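Engineer: Below are the sequence and a predicted model for it; my questions follow.
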Amino acid sequence: MNVLQKLRQLVTDIPRQPAKAADHFALASRLLRSLPADQARVQQACAAKDLAAFDEIVSALEGIASKPAAPPPDVPRDQMDAALKAFRKRLKLGRLADESRLGGRYTSGGRASNIDAILPPDEFPPEVWKALEHAGKLKHTGQGFYAEA
């Protein structure tokens, strides 16, 4: 469930559960801080517990989210292949480095790596990574990190 789905659920739950309305508005206020909404309006609606204003804010955000995404950038296929190869190699090396870390003893711990996303190599521009994401090869996990899809 993404943030907008959770906010929509809160809009429907507030009339059904009036005893929990204060908790729902507090959660909504925290969730809306990270979204491109008018923060003064959000704080006013949540402080006044105004369901109609809160519903308008969520509807406006859903309208923004439903707009079609920008078309993928035109990146040559050979550049995408080279970037994906470099990404996989960097991910493999990161996992190997994490697995071979020495503990308090003279041998490694023998545990598996928990690394599943990395910052992509700087040798390629961001448009290449966006094109690979659009092609379904990579998944953007947030804050510039990508994982294999």
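Structural biologist: Yep, that arrived. Remember, it's a predicted structure, so these values are computed and weren't measured experimentally.
Engineer: buried ones in the lengthiest helix in the chain?
Structural biologist: Counting residues, the longest helix found in the chain (DSSP state H) is helix 77-99. Within helix 77-99, the residues that count as buried by 16 or more other Cβ atoms under 10 Å are Met80, Ala83, Leu84, Ala86, Phe87, Leu91, Arg95. Where C-beta positions appear, they are placed from N, C-alpha and C, glycine not excepted.
Engineer: For the first one, which residues are in contact?
Structural biologist: Going back to what we said before, that points to Met80. Listed by Cβ atoms under 8 Å, 6 or more residues apart in numbering, the contact set of Met80 reads Val128, Ala131, Leu132, Ala135, Lys137.
Engineer: okay, and for the protein, where does confidence drop off?
Structural biologist: By pLDDT under 70, the weakly predicted segments of the chain are 1, 65-70, 102-110.
Engineer: Show me the strands in it, by range?
Structural biologist: For the chain, the strands defined by DSSP state E occupy 117-118, 138-142, 145-148.
Engineer: what sits up against the shortest one?
Structural biologist: Contacts of strand 117-118 with the rest of the structure, by Cβ under 8 Å, 6+ apart, involve Phe87, Arg90, Leu91, Gly94, Thr141, Phe145, Tyr146, Ala147.
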